[in-house]
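J.: Sequence and predicted structure below; questions after.
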Amino acid sequence: MNLEKVVFGFFIVLAATLNFGFFIGDIARPELHHIYELFAAIVVNLIATTLKFGDRTQIGAIHLATSLVADLQLIAAAVTWGFAVHVLGLGMTPEITASVVSLSGGALFANVVSVILLIAETLMMRR
Amino acid sequence: MSVINDSVLFLVLRRMRAPLIVMILIYAISIFGLVLIPGVTADGRPSPPMSFFDAFYFISYTASTIGFGEIPNAFSYGQRFWVTVCIYLTVIGWTYSILSILNLLKEEGLQRALANNRFRRKINNLSEPFCIICGVGETGALICKTLDQVQMRFVVIDTRSEPLAELELGDYVADVPALHADAQLPATLLMAGLRHNNCKAVLAVTNNDEANLAIAMNVRLLNPGIPVIARAEHAATASNMESFGTNFIVDPYTLYARRLALAMRSPPSYRLVEWLTRVPGTPQPELHKPPTGKWIICGYGHFGRAIVQRLDSMGLHDNVRIIDPRPTSPDDHISIVSAGTEANPLIDAGIKDAVGLVAASDNDINNLSIAITARELNPDLFIVMRQSSSGNSQLFEAFDADLTMITTQTVAHACLSYLTTPMLSRFIREVEKQPAEWAAELLDALSPVCSGLVPFVWTTRINRIKTPALNNALLHAEQTIPLSVMMTSNRNRDIGLKLVPLMLERAGQLILRPAADMPLHSGDKIIWAGTRDAWNEQKLTSSYVNALEYVITGHSVTGSWLGKYLNS
């Protein structure tokens, strides 16, 4: 067992699960989507991205790309949230909530691709 | 190229993983703390904690030590406690990241990757013909200097970094890509441009025979089309190199022995060869006349053996005495087992009635000692010395032997004459066949041209690429064009250029000292000696139609459309 691999897998799966936790629930109801969960998803996604730096293989490149996509989507969701609440002063209306959650849904898709890659990589390693 | 660039980027990213993760965590913890801790309103009542946006904003300007004073409200004590922690955390985080980056920049692996990158880029951008020089010791440095003078580009490889650093400080006209690596490895040679379209030759001139052998072999296998010039100090290496077709093997000892024999037989021929093979622009060597008679050879190594062989072939077999510390040495020569540094063995060898002595051992100090003792015993002796290390130059100059064989220089001169004028070695072979009078005559012709300095030697091929105008004229002209066209100034056709044609090669036939009225043919190869200015002017005449027209007919022609229009 390789500790580095454990940490790597842990963060990738955690990024996906946190993202999923935030995403799940009625898309337009703000009480079903807690901001702490979005925050945690962003942090863990950023860490997962950093862990993928410096791998020259093809699969490593795709890994990094999916992670960057997820980061972008989640940060866009957070910016939308902050802008709606603080700048526009609208609060979490169903429309805003829906766009934040759908952005995180896109990130979830990228994270799922990441997890699939992880599984594929593991299966490809024959003993 | 991009592969290597990527590798630098990946290396940096990989090393930056830990500091980046630390920074992300510190930001996350700080922000999360601020989001949890309740604040206080202006009148002292508790208020809800900061929002994520406020917290991120606050930490961003605090962590980057910008210290922007704008905060939404005065902080509660809880918030102040936490912000104190945050400040220390983030400063530590930043310091750690910056130190990591600095460390990474200092790291040898990255430095080497960057240097290799730069080198590769330089090689890729080389648009002129170049050669690869493996080893820039004394020999290599001398070759570099001269190649730079004749405007030939080169790439150097050496395993030691000091000579490369010296090269960087050297006064070179062209940029010299230098690689600090082992040229015996195929990857190194490939990186230096062995398969580059403009690579013209590889020189293996390290002072290690084994390395030279490996380089020659690598080039043979990796790019057989490229000539290899290799230095070989041992006969075994030379024959090994020959076995796989090394183009030009420089064995300084055999070469020098051959020249010494030439000097004995015909001093002017030797002088001529010296003039043509030395570094152009340096003072001419003086005339040496090694006498024939009884010779004493001290040291029967590779050099001593080469000289004895030459002397034997000149019929001096019975006049050769050999002094060598190893008892195994010579076959049917009169020999004495000794180092030769004391007087007695020299007297035993007959120093009193000898005409010449060769101090040929591989130890510079022993050679000096032999020579000094010998000169004391017989002041009229003609002394030839072998100098292995240029560090002892002052000693050898102070002693002032009649001839000094400096290994590194001999190798450099041989390599240079092969590289710059491939025809020269054939010309020298012809010179060796000619009588002394012939050489003396040619020397007389050369003297006014070179005004006391070693002349510049070059080859001209008459073809479409090298001499477009002349070639075109030869193919289309009705009357023949004489060689004198290439010997005339294009500014005033009554003035001759300062040059002498040495030899003309036409369809495998060699014509020594071609006459000025000899008709030229397309495809001729001519070897010249003269000044650099003459070379430049000749190049212009033979490649520029109007200059050629003037030299042939005496009419000054204008080539431009406007000029033609105005003239008509």
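T.: Sure, I can see it.

J.: so which strand or helix has the closest residue to B:Arg493 other than its chain neighbours?
T.: Leaving aside its chain neighbours, B:Arg493 sits nearest to B:Val551 (5.4 Å; criterion: Cβ to Cβ, 6 or more residues apart in numbering or on different chains). All C-beta atoms are positioned from the backbone trio N, CA, C, and that covers glycine. In this assignment (DSSP states H and E), B:Val551 forms part of helix B:545-553.

J.: thinking again about what came up before, could you measure from the residue nearest to B:Arg493 over to B:Ser425?
T.: Distance of B:Val551 to B:Ser425, computed by Cβ to Cβ, to the nearest Å: 31 Å.

J.: more neighbours, the two?
T.: More neighbours surround B:Val551 than the other of B:Val551 and B:Ser425, with 21 against 13 (other Cβ atoms under 10 Å in any protein chain shown).

J.: Could you tell me how many residues sit around residue 88?
T.: You didn't pick a chain, so chain A it is. 10.

J.: Not quite, go with chain B.
T.: Quick note: B:Tyr88 (other Cβ under 10 Å) scores 9 neighbours.

J.: for the helix or strand that contains B:Met503, packing partners?
T.: Applying DSSP H and E as the criterion places B:Met503 in strand B:499-506. If you count contacts as 3 or more Cβ pairs under 8 Å, 6 or more residues apart in numbering or on different chains; DSSP states H and E, strand B:499-506 packs onto helix B:424-433, helix B:436-450, strand B:509-512, strand B:525-530, helix B:532-543.

J.: Looking at these, which one is packed in the most?
T.: strand B:525-530 (a mean of 23; mean count of other Cβ atoms under 10 Å in any protein chain shown).

J.: partners of it in the sheet?
T.: Sheet partners assigned to strand B:525-530 using DSSP bridges are listed as strand B:456-461 (antiparallel), strand B:499-506 (antiparallel).

J.: And A:Ala78, how far from A:Arg29?
T.: A:Ala78 is 19 Å from A:Arg29, by Cβ to Cβ.

J.: Hmm, B:Arg17 and A:Met51 touching each other?
T.: Let me fix one detail, which is that residue A:51 is Leu and not Met. Yes. Using Cβ atoms under 8 Å, A:Leu51 is in contact with B:Arg17, at 6.6 Å.

J.: quick one, which of those two is more surrounded?
T.: A:Leu51 (22 against 16).

J.: Would you mind checking the average pLDDT for the biggest helix by length in chain A?
T.: In chain A, taking DSSP state H as the definition, the longest helix is helix A:94-124. Across helix A:94-124, pLDDT averages out at 93.

J.: List the buried residues for it?
T.: Neighbour-count burial for helix A:94-124 flags A:96-101, A:103-111, A:113-115, A:117-118 (criterion: 16 or more other Cβ atoms under 10 Å in any protein chain shown).

J.: In this structure A:Leu32 contacts A:Asp26, no?
T.: Yes. Taking contacts as Cβ under 8 Å, A:Leu32 lies within contact range of A:Asp26: 5.6 Å.

J.: would CSV of the strands paired with strand B:525-530 with mean neighbour count and mean pLDDT be doable?
T.: Listed next are the strands paired with strand B:525-530 as CSV, based on neighbours: other Cβ atoms under 10 Å in any protein chain shown; pLDDT from 0 to 100:
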stretch, mean neighbour count, mean pLDDT
strand B:456-461, 21, 86
strand B:499-506, 21, 89
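
J.: Now render these as CSV, adding distance to B:Val485.
T.: Shown next, in CSV, are the strands paired with strand B:525-530 (distance: least, Cβ to Cβ, whole Å):
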stretch, distance to B:Val485
strand B:456-461, 12
strand B:499-506, 12
